[in-house]
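Undergrad: Next come a sequence and a model predicted from it.
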Amino acid sequence: ISNINAREEAIIKLEPGRIQRIRDEIKQLLETYVGKENYDGNRLEQELIYYMEKIDIHEEQVRLKQHCAYFKDLLASNEDSKGKKLSFVLQEMGREINTTGSKAYDADIQKCVVEMKDELEKAKEQVLNVL
């Protein structure tokens, strides 16, 4: 779980560069295929904002961080049967990791996602030993 948190922190640091790179690539494509003078800059900004909202991964990162904290809290609790809960939390973490990967459009973030999935599988195996 700590390794997942570390990868998530790396993603947070990569996020600003990803947004700017995507913005620049879209603008370059428009200039190449449509021509710089043939599109409305204001309309482009409106469309970019809409597109950036669609691929925003901030919400997933916040939820993943919360799931990791909850997982650690469950581990530290004195609750008798927590194996199922731990398993359910890991499922939720997997959803957030997968959604991050599908919205990433960035090789470095995809690498972090793969590493997170690997760590998640390790955690699932350990929880299965508890069940």
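TA: Structure's in. What do you need?

Undergrad: how about the lengthiest helix in the chain: buried residues?
TA: The helix that spans the most residues within the chain, counting by DSSP state H, is helix 2-33. By neighbour count on 16 or more other CB atoms under 10 Å, the buried set for helix 2-33 is 4, 5, 7, 8, 10, 11, 14, 15, 18, 19, 22, 30. (Glycine included, C-beta is placed from N, CA and C.)

Undergrad: Check stretch 99-106 too.
TA: Buried-residue list, stretch 99-106, by 16+ other CB under 10 Å: 99, 100, 101, 103, 104, 106.

Undergrad: now these in CSV, with pLDDT?
TA: As requested, those are exported to CSV (pLDDT from 0 to 100):
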residue, pLDDT
99, 97
100, 96
101, 96
103, 94
104, 91
106, 92
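
Undergrad: So which of the residues you listed sit within helices?
TA: 99, 100, 101, 103, 104.

Undergrad: Excluding chain neighbours, give the residue nearest to the last one in space.
TA: Spelled out, that is residue 104. Leaving aside its sequence neighbours, residue 104 sits nearest to residue 110 (CB to CB, 6 or more residues apart in numbering; 5.4 Å).

Undergrad: Equivalent analysis for residue 96, please.
TA: residue 64 (4.1 Å).

Undergrad: tell me the SS of the one you found?
TA: Secondary structure state of residue 64, per DSSP: H, G, I helix; E, B strand; the rest coil, is helix.

Undergrad: Quick check, it in contact with residue 93.
TA: Yes. Using CB atoms under 8 Å, residue 64 is in contact with residue 93, at 6.1 Å.

Undergrad: And the longest helix of the chain, what does it pack against?
TA: helix 41-54, helix 58-76, helix 83-104, helix 107-130 (3 or more CB pairs under 8 Å, 6 or more residues apart in numbering; DSSP states H and E).

Undergrad: List the contacts of residue 23.
TA: Residue 23 makes contact with 48, 52 under the criterion CB atoms under 8 Å, 6 or more residues apart in numbering.
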